[in-house]
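A.B. asks: sequence first, then the predicted structure, then my questions.
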Amino acid sequence: MISSFENASVARVTRRFALLALLALCALPYASLTAQQLQQSTAVEHVVTIENMQFIPFSLKVRAGERVRWVNKDYFPHTATARGDMFDSKVIASQSNWTWVAHTPGDHTYICTLHPSMQATLTVISDTPP
Ligand SMILES: [Cu+2]
């Protein structure tokens, strides 16, 4: 037979364990971020909306190190694929998005490989201000 004292201490230990497990779970996403990811997560982010078979804005200028997020608001998939091999989102599902961190400066024309008439330009400029 378990005394009420034992019952109470088992409950206390169980509560403490549950609390520790909860804290560990909350800390997990932060612990697994590398310094580079943390830096990227605080960097400037530009958004290109894909809507009505168009990349909006059609032309975007960003600095190296900044993030570009393509958000697909159409009801079918698209891609954001550079004509060179600078970046390729692969399929971005409807209502989904894809992020790329800009690096090599230059004009990067990109298309949707599923609808090649969709074309836009991403210009990456040096990360050092003029
Ligand atoms: Cu498309």
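C.D. replies: The structure has been received and is ready for your questions.
A.B. asks: ranges for the helices of the protein?
C.D. replies: Using DSSP state H, the helices of the chain run over 4-31, 35-42.
A.B. asks: up against the ion, what does this structure have?
C.D. replies: Residues of the chain lying close to the ion by C-beta under 5 Å from the ion are 78, 112, 114, 115. In this view, the C-beta of every residue, glycine as well, is placed from N, C-alpha and C.
A.B. asks: could you rerun that using 8 Å?
C.D. replies: 50, 53, 74, 76, 77, 78, 79, 112, 113, 114, 115, 118 (C-beta under 8 Å from the ion).
A.B. asks: in strands, which of the residues you listed appear?
C.D. replies: Judged by DSSP state E, strands contain the following of these: 50, 112, 115, 118.
A.B. asks: not counting its neighbours along the chain, what's nearest the second one?
C.D. replies: Same thing as residue 112. residue 118 (4.0 Å; C-beta to C-beta, 6 or more residues apart in numbering).
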